[in-house]
Each structure stands twice: as structure tokens, then as C-alpha cells.
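Peer 1: quick one: sequence plus predicted model below, questions after.
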Amino acid sequence: MAVMRINLLPHREQKRQARQRQFISLALSLGVLGLAVVALVHGVLAAQIDNQKDRNTLLKKEIAKLDEQIKEIDRLRDQIQAVISRKQVVETLQANRSEAVHLLDQLVRQLPDGIYLRSVKQVGAKVTIGGYAQSNARVSTLMRNIEASPWLTNPELIEIKLVPAPGVPASRELKINEFTLNFQIRRAAPTEVAAPKGAPAAPAPAKAPAKAAAPATDRPA
């Protein structure tokens, strides 16, 4: 004869409690896992940040070194430019050291009769002379001589006017032409510079045109 067993315990309540325990256990496991993931991510990010900080520090040091090198290059460039400038000045002085001698020599050679200089001023390659001339023709002759000179060029008459002759009493009313003239010095040395020692000097331009331009009867106004 079969025996029937009846469970009178609250099995539904036990199953509910068992499910609750499983849920709590799963939730705790997930929480621990989440914390572990967060800690791992934080550790990775912190390591990357530290690595980037180290790289930034290294870059800053290298940039500082490059800045110092750039400053040194700038200083060297300034020094080189200063040396080049001094070299150019020395070369210019070397090339033009005899310029004043040639200028005075050419003034003596090219000055026609009847002209007397009272001032000579040089600024760079530009020369300004002032003086007195017995006539306008004498000044024209001087300008032609300057243009034909191997050392002088570009004569330009600035002013010419009739003034009382210096050193003459006003009662005599003797007047003379006062003029101001500009011209340029040829920086490129002509062949006269390279003439060997002992060679005859280049002949001075003929002064005959000056005498022809100013007749013997020409007198100051």
C-alpha cells in the first residue's frame, strides 16, 4: 500500500529567501567587479597621466635648451654681422684711402685759370666746392674739365651770382662771379691707379679751352 507524504513547510517563502540571497550575492559580486574595473581604469589613466607629465617635462627641458641655442645663434649672427660691417668699412677705407689725394690732385689739374676756390667739402662721394670766377665761361670750362676727368664726374652748378670782389674797396665797385658747384668722385679707380712706379703720369687735361672761352679782354663786371 503506497504512503503519501505531504510537505506542510512554507516552501514558497524559502524559495523567495533563496532568490533574495542569490540576488544580494550577485549584486555584491557585480559591485566588487565594478570597483575593480574602476580601480583598474583609474590606475591606467593615472599611469598615462604620469607618463604624459614626464614627456611634458622632457619637452620643456629640450625647448629650454633649444631656446638657449637659438639665443646663442642670434648672438653669433649679430657678431658675424658686426664683423662683416667692420670688414666692409675697412675694405671701403682701403679702396678709398687715396681718394682725398686724388681729389686735391684733380682739383689742381682741372682748375682753369681765372678761378679761385674758397671752400671744398666732401660728404661720401659728393664734393661741393665754392669759389670765385672771372666769368661764367671759366665755370663752364671747369665743369667740362670735371666731366673729362678720370676721377671726377657729374658736375652740377648750384649757384652763380655777381658779388663785390673780396679784398677790393667798395668805392671801386669791382665785382666778380661767386659760384657753388657739386660733383661726384668716381669710386671705381681708373687705370691711373694701377700705373706702375716710374711710369709717366697721365697728362692733365689741356687748359687751352679755358683760355679760348675767356678772351684776353674779358674782365670782371
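Peer 2: Thanks, I have the structure now.

Peer 1: where do the strands of this structure begin and end?
Peer 2: Using DSSP state E, the strands of the chain run over 115-123, 126-133, 152-164, 175-185.

Peer 1: spatially central residue in this protein, please.
Peer 2: Compute the mean C-alpha point of the chain, and by C-alpha atoms, centre = their mean the closest residue is Gln81, 9.2 Å away.

Peer 1: nearest to Arg55, out of the strands of the chain?
Peer 2: strand 115-123 (61.9 Å; C-beta to C-beta). C-beta: built from backbone N, CA, C; applies to glycine.

Peer 1: which secondary structure elements does that closest one contact?
Peer 2: helix 99-110, strand 126-133, helix 136-148 (3 or more C-beta pairs under 8 Å, 6 or more residues apart in numbering; DSSP states H and E).

Peer 1: packing partners for the longest one?
Peer 2: Counting contacts by 3+ C-beta pairs under 8 Å, 6+ apart, the secondary-structure elements packed against helix 136-148 are helix 99-110, strand 115-123, strand 152-164, strand 175-185, helix 208-213.

Peer 1: want to throw the strands of the chain into CSV with distance to Arg16?
Peer 2: Formatted as CSV, the strands of the chain follow (distance: least, C-beta to C-beta, whole Å):
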stretch, distance to Arg16
strand 115-123, 115
strand 126-133, 117
strand 152-164, 120
strand 175-185, 119
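
Peer 1: can you add distance to Leu35 and mean pLDDT and give the ones you listed back as TSV?
Peer 2: Shown next, in TSV, are the strands of the chain (distance: least, C-beta to C-beta, whole Å; pLDDT from 0 to 100):
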stretch	distance to Leu35	mean pLDDT
strand 115-123	90	90
strand 126-133	91	92
strand 152-164	96	90
strand 175-185	93	91
